[in-house]
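Student: need coordinates for the below:
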Amino acid sequence: MNDNFNGAELRLARIFNGLTLEELSENVGKTRQYLHRLEVGQSSPTEQLLEDLARVLQVKKEFLIAKATRRIEDECFHFRKLFSTKAMSKQVAIAHCELTGRLVSYLDSKLKLPDLRIPDFCNVNSFEAVENAAELCRKEWGLGLGPVDNMSRLAENIGVVVTNLSSLSKDIDALSVASSRPIIVRNIYKESVCRQRFDIGHELGHLVMHSGLPTGDRVTESQANHFASALLIPRSMMFKLFPKPKGSRLDWVGIREFKMTWKVSLAAILYRARHLEIISPDQHKSGVITLRRTGEAISERGDLLIKQEPPELLSTSVNVLATRKQIYADDIASELGMSVPFLNRVIGFDMPLGPGRKTSGVRVPLYVV
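Tutor: Predicted structure coming up:
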């Protein structure tokens, strides 16, 4: 028996792999009940079982006998669509964030990542307070009054790690973690760049306004949506540049041009215009109906003309380690007690391997730091 076994690490690796206790038990030839006892610390595995568990979960034995690691607290997680999210989907996403946090801590110890610049606004409980928070963030982040060129880059420049989770369930729009180095997880199922940009703005809103607060309710979600809208399109520019209705009819040609300039969805533009009372409730309702009738309730015309904004910080960091410090995926995986395939799934792409080892999968682009 292995007295140093850490059942919490077993559960973390199992959930990250998307396996139920029953599925893991079938792979290692043990009962579900016995594996549950391992996870809650009521039993320890034999050396052979430890090897089998590590092999199936694609981690090293050292991962499963690691000392207890402080977990990210539940209130640090901000989920979109909280009430419709399945329990297992949430657990997989949380496990991903936990493991990403460990990787980011390692990168922080080897490189100088961007300083964290997240203002903390408390008691943001009014329309004007949210507007002010977004305006002050724009000033703090040097955005001026124009369109935000790249939302992923903005978040990473202010010290937030943006990452993709390919296994993120469709019932989760996005999520963020308010840890010492905040993490925003994007859902790659969303093809619309405009909606991905809004999601990042939404999660920044949670990080700015809801530190230490439970989120997912109607109030906090509405506040985060409002913040994202105000961050993406300042109200002064809405009043100045939004195409005014022609009588009772919306100026769709003008609004579509406005969308391409600000890289904000038509739905979000209408939401912003209604919020600022530039259009009436009836005009907003008519606009929403039009989007549904034209099949643009989710995917809008012009979306594919807007350039994708993939995360850059993690790919830049691992390439810098490889090219300047000769630290490769093999080294990082060993340090974290993971296999290279497991680590690649955590980071979301195939990392550079050490000399003499072949890469498998997509080459990682090298960005200039």
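Student: quick one: the strands in this structure?
Tutor: Counting by DSSP state E, one finds strands in the chain at the ranges 77-79, 161-164, 174-177, 183-186.
Student: give the other helices and strands that the first one contacts.
Tutor: Counting contacts by 3 or more CB pairs under 8 Å, 6 or more residues apart in numbering; DSSP states H and E, strand 77-79 is packed against helix 87-110, strand 174-177, helix 193-209. Where C-beta positions appear, they are placed from N, C-alpha and C, glycine not excepted.
Student: so what's Ala267 up against?
Tutor: Applying CB atoms under 8 Å, 6 or more residues apart in numbering to Ala267 gives the contacts Val288, Leu291, Ala297, Glu300.
Student: any of those residues buried? List them.
Tutor: Neighbour counting by 16 or more other CB atoms under 10 Å classes Val288, Leu291, Glu300 among these as buried.
Student: just give me how far stretch 262-282 sits from the chain centre.
Tutor: Offset of stretch 262-282 from its chain centre (CA atoms, centre = their mean, to the nearest Å): 25 Å.
Student: shift numbering so it begins at 30
Tutor: Fine by me, first position is 30 from now on; the one you just mentioned is stretch 291-311.
Student: please save the CA atoms from it in PDB.
Tutor: Output in PDB follows, covering the C-alpha atoms of stretch 291-311 (Å, rounded to 0.1, in the frame of the first residue of the first chain):
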ATOM      1  CA  TRP A 291     -16.800  48.000 -33.200                       C
ATOM      2  CA  LYS A 292     -16.800  44.200 -33.600                       C
ATOM      3  CA  VAL A 293     -19.900  43.800 -31.500                       C
ATOM      4  CA  SER A 294     -22.900  41.600 -32.400                       C
ATOM      5  CA  LEU A 295     -26.100  43.100 -33.700                       C
ATOM      6  CA  ALA A 296     -27.900  41.700 -30.700                       C
ATOM      7  CA  ALA A 297     -25.500  43.300 -28.300                       C
ATOM      8  CA  ILE A 298     -25.700  46.700 -30.100                       C
ATOM      9  CA  LEU A 299     -29.500  46.600 -29.800                       C
ATOM     10  CA  TYR A 300     -29.100  45.700 -26.100                       C
ATOM     11  CA  ARG A 301     -26.800  48.600 -25.600                       C
ATOM     12  CA  ALA A 302     -29.000  51.100 -27.500                       C
ATOM     13  CA  ARG A 303     -32.000  50.000 -25.500                       C
ATOM     14  CA  HIS A 304     -30.100  50.300 -22.200                       C
ATOM     15  CA  LEU A 305     -29.100  53.800 -23.100                       C
ATOM     16  CA  GLU A 306     -32.700  54.600 -24.200                       C
ATOM     17  CA  ILE A 307     -31.400  55.500 -27.700                       C
ATOM     18  CA  ILE A 308     -34.100  53.200 -29.100                       C
ATOM     19  CA  SER A 309     -37.500  52.500 -27.600                       C
ATOM     20  CA  PRO A 310     -38.600  49.100 -26.100                       C
ATOM     21  CA  ASP A 311     -40.800  48.500 -29.200                       C
END
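Student: for Ser118, which of the strands of the chain is the nearest?
Tutor: Taking CB to CB, strand 106-108 is the member of the strands of the chain nearest to Ser118, at 9.4 Å.
Student: now that closest one: average pLDDT?
Tutor: The average pLDDT within strand 106-108 is 80.
Student: got it, and stretch 53-69?
Tutor: pLDDT averaged over stretch 53-69 gives 96.
Student: now do stretch 382-398
Tutor: Stretch 382-398 carries an average pLDDT of 50.
Student: ok, back up a step: what's the lowest-pLDDT member of the contacts of Ala296?
Tutor: In terms of pLDDT, the lowest of these is Ala326, showing 85.
Student: contacts only, for the residue lying farthest from the centre of the chain.
Tutor: Going by CA atoms, centre = their mean, the residue of the chain most distant from its centre is Gly276, 41.4 Å out. By CB under 8 Å, 6+ apart, the contact list for Gly276 is empty.
Student: and it, what pLDDT?
Tutor: On pLDDT, Gly276 comes in at 88.
Student: now do the one 10 residues further on
Tutor: Predicted confidence (pLDDT) at Glu286: the value is 97.
Student: do Glu250 as well
Tutor: As predicted, Glu250 sits at a pLDDT of 92.
Student: most tightly surrounded among the strands of the chain?
Tutor: strand 203-206 (a mean of 28; mean count of other CB atoms under 10 Å).
Student: I'd like the mean pLDDT over that one, please.
Tutor: Per-residue scores along strand 203-206 average to 84.
Student: what does stretch 335-354 give?
Tutor: 95.
Student: quick one on the thing from earlier: got JSON lines for the helices and strands packed on strand 106-108, with distance to Leu165 too?
Tutor: Shown next, in JSON lines, are those (distance: least, CB to CB, whole Å):
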{"stretch": "helix 116-139", "distance to Leu165": "27"}
{"stretch": "strand 203-206", "distance to Leu165": "19"}
{"stretch": "helix 222-238", "distance to Leu165": "9"}
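Student: many thanks, we can stop here.
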